[in-house]
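Q: got a sequence here, can you build the structure:
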Amino acid sequence: MKRLAILVVCACGAPKSPPVALPVEPPVAVPNAVPPPAPSPPTPAEAFLVRCRTPLDAAKVALRTLPTGDVLDGLNEVARFASNAANLAGLIKSVHPDKTVRGAAETCEQEVQAFVSELMLDRNVYELVKRVDTTKLDADAKRFVATTLRDYRRAGVDLDDAKRARIKAIDDEITQLAQKFQQGVAEDTRYIEVKDPARLAGMPADWIAAHKPDANGVIRISTDYPDFIPFIAHADDDDLRKQLYIEFQLRGSAHNEEYLAKILALRAEKAKLLGFADWADYQSDDKMLKGGKAAQAFIDRVWKLADARAKKDYAELLKQLQTHDKKARVVESWQRYWLEAQLKKTKYDVDAVEVRKYFTYDKVLAGLLDITSEIYDIQYKPVTDANVWHPDVAVYDVMRGNDKLGRIYLDMHPRDGKYKHAAEFPLVDGITGKQLPEAALVCNLPDPKTSAGPALMDHGDVVTMFHEFGHLMHHVLGGNHRWDRQSGVATESDFVEAPSQMFEEWGWRYETLSRFAQHAETGATIPKELVAKMRRASKAGLGTQTVQQLFYAALSLDVHRLDPAKLDQQAEVKRLQKKYTHFPFVEGTKMHTSFEHLIGYSSMYYTYMWSLVIAKDLLTPFEQPGLLATSVTFKYRDTILTPGGSKDAADLVKDFLGRSYDFKAFEKFLAE
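A: Residues are numbered from 1 along each chain as shown. Next comes the predicted model:
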């Protein structure tokens, strides 16, 4: 690491005679003097930079004192402060309504990344950690040392000066390009316009009521999820669905191909500098599933299990389409969800529009809090004086009796410039005796304040809400560790989705849904028979859903294994979509320009499917006692969530199941 030299300035050769006392003149009174103007208050962006740089400066101070104190505790402090700055910047750049503040957050994030990149290439720090005597350390401290040394080597600390400098430059440039890519999606909300209200046939009444014509009689439909998902599933007008689908798949297309090409080239260069064949091999080297070949083998294994079912699903969709158009020979991507909704209604007696009426946003949230309170023995205490970035953000302290475990922020509704998907954002990593965990749940769900009537949610939105809340619980309940790198969701990143995918099941069972799913008009609890039908109907498109996920996984893997100089991004999208799915590529689209997982997960989108394999296995102990049996939920909490990253994920699973994970439950799930 490059350190700033402290320059001591002296008046060398100056005379040694004592200073001469000069007479002090009295101040001259100036009649009608105008006082100097008061300093201007800092702008919101300037104030945020000060707030974000404060923990970063603390990390730098802790680093300077590292050689003179306890190396491990000192390095842990460096990591704690740097994580606080990075987490704050990462959240605010994604959610703040003020574009200048989002820009300031990006600036701070770049500064943190530059600091961390330099830190991980600092041979002096590496040598200090190597010299630590681990013989008297406990298991967690030994793990901290081992993973720290591993990560230093993975960062390239053993390389020569020129190569380390190049890696530092690569990391800095990737950070800047990634921000531009994500900003290109967040700020590219697109619309289609409808002048004839009759063309909205099929849409739920509450959705139509929330989309009034403007002064010119035009109804605007956006590519944000609360518009896009219901419209693509329910609108009868095939041409409008196609228009909206194309706009949705063009988000970020102005510059993101260019940014992605540069990122892929830089990642490939870094991987080779570190001795790996490609980025996929490098990225997975410290994960459960190691190596690009192993990831591809896993994708192929699941594809072989799912492809026959996908062909059957596609044929069923085509048959349904032919009830509207006898000449139809192909099901297009913009038709898929509409046809699936029709099949669920005609074949499985599940009307998605009617199902929506059982899921009002406020009651879903209340039910989610109630269920997690029971199964994890926690309580939620509303906080009204928290420092939030938008008035819509709800804040709760997570309690167990009188003990505060952490804090959660719920930013649940769409607005301009906000992150477009659903995600959990860590804000503070819980460190024993230092700080309690904090995290934000960021979604784009219907807003009760702007809805014309109850804010109704599709059941898919409910499942997404449960999924992301699973991450939130993992971060908070796993946030009581001495070492920063073992706190919260600090497990291998190809395991981190497993607890959340598992928790989706609580959004599917009658025993849980019956606690909050009440009809918006009648107040009646969702019928048990309807929930059973919904579960059967969900299996209707399981094959096509699975191979679609495999297409995304293969795309993220392939673009990180192929030669970036020869990669044609659009051609690769077309090739892999044809190989893995049965839906033809839609000309005029560029789905990869808004596929933000290529930035965050890079080559590891397969993580979702790999985690699903483990998630299905983790559900097996609940089969007999049920999802609300605290004898099982408490054990799950204590063996999977609470340990955070203090053990390898495979060991956590073994602690809960009493055996190693396997594919049996997943294969049964696909075969049902």
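
Q: could you list the low-pLDDT ranges of the stretch 301-450 of the chain?
A: For the stretch 301-450 of the chain, not a single residue meets the criterion pLDDT under 70.

Q: quick one, helices of it?
A: 333-346, 352-356, 361-376 (DSSP state H, counting those that start in this stretch).

Q: tell me which of the ones you listed lies nearest to Ala89.
A: Of all these, it is helix 361-376 that lies closest to Ala89, at 27.4 Å by Cβ to Cβ. (Glycine included, C-beta is placed from N, CA and C.)

Q: contacts for that closest one, please.
A: Applying Cβ atoms under 8 Å, 6 or more residues apart in numbering, the external contacts of helix 361-376 come out as 378-380, 396, 410, 412, 445-448, 454-457, 462, 465-466, 469, 473, 477, 506, 512, 515-518, 627-628, 630, 633-634, 637, 641.

Q: mind putting the helices of the stretch 301-450 of the chain into JSON lines with mean neighbour count and distance to Val496?
A: JSON lines is the format used below for the helices of the stretch 301-450 of the chain (neighbours: other Cβ atoms under 10 Å; distance: least, Cβ to Cβ, whole Å):
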{"stretch": "helix 333-346", "mean neighbour count": "21", "distance to Val496": "28"}
{"stretch": "helix 352-356", "mean neighbour count": "20", "distance to Val496": "30"}
{"stretch": "helix 361-376", "mean neighbour count": "19", "distance to Val496": "18"}
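
Q: closest to Glu529 out of these?
A: helix 352-356 (12.6 Å).

Q: and Asp651, which of the helices of the stretch 301-450 of the chain is closest to it?
A: From the helices of the stretch 301-450 of the chain, taking Cβ to Cβ, the stretch that ends up closest is helix 361-376, at 21.5 Å.

Q: one step back: of the helices of the stretch 301-450 of the chain, give the one that comes closest to Val428.
A: Evaluated with Cβ to Cβ, the helices of the stretch 301-450 of the chain place helix 361-376 nearest to Val428, the distance being 19.4 Å.

Q: pipe the helices of the stretch 301-450 of the chain into CSV and attach distance to Glu173 per row.
A: Compiled in CSV, the helices of the stretch 301-450 of the chain are given as follows (distance: least, Cβ to Cβ, whole Å):
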stretch, distance to Glu173
helix 333-346, 34
helix 352-356, 45
helix 361-376, 40
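
Q: Lys590: which of these is closest?
A: helix 333-346 (13.4 Å).

Q: thinking again about what came up before, out of the helices of the stretch 301-450 of the chain, nearest to Val125?
A: The nearest among the helices of the stretch 301-450 of the chain, by Cβ to Cβ, is helix 361-376 at 37.7 Å.

Q: so how far is Val496 from the most centrally placed residue in the chain?
A: Computing the C-alpha centroid of the chain and ranking residues by Cα atoms, centre = their mean puts Ala423 first, at 3.9 Å. Distance, Ala423 to Val496, using Cβ to Cβ, to the nearest Å: 12 Å.

Q: which neighbours do those two share?
A: Jointly contacting Ala423 and Val496 under the rule Cβ under 8 Å, 6+ apart are His471.

Q: burial count for Arg251?
A: 23 (other Cβ atoms under 10 Å).
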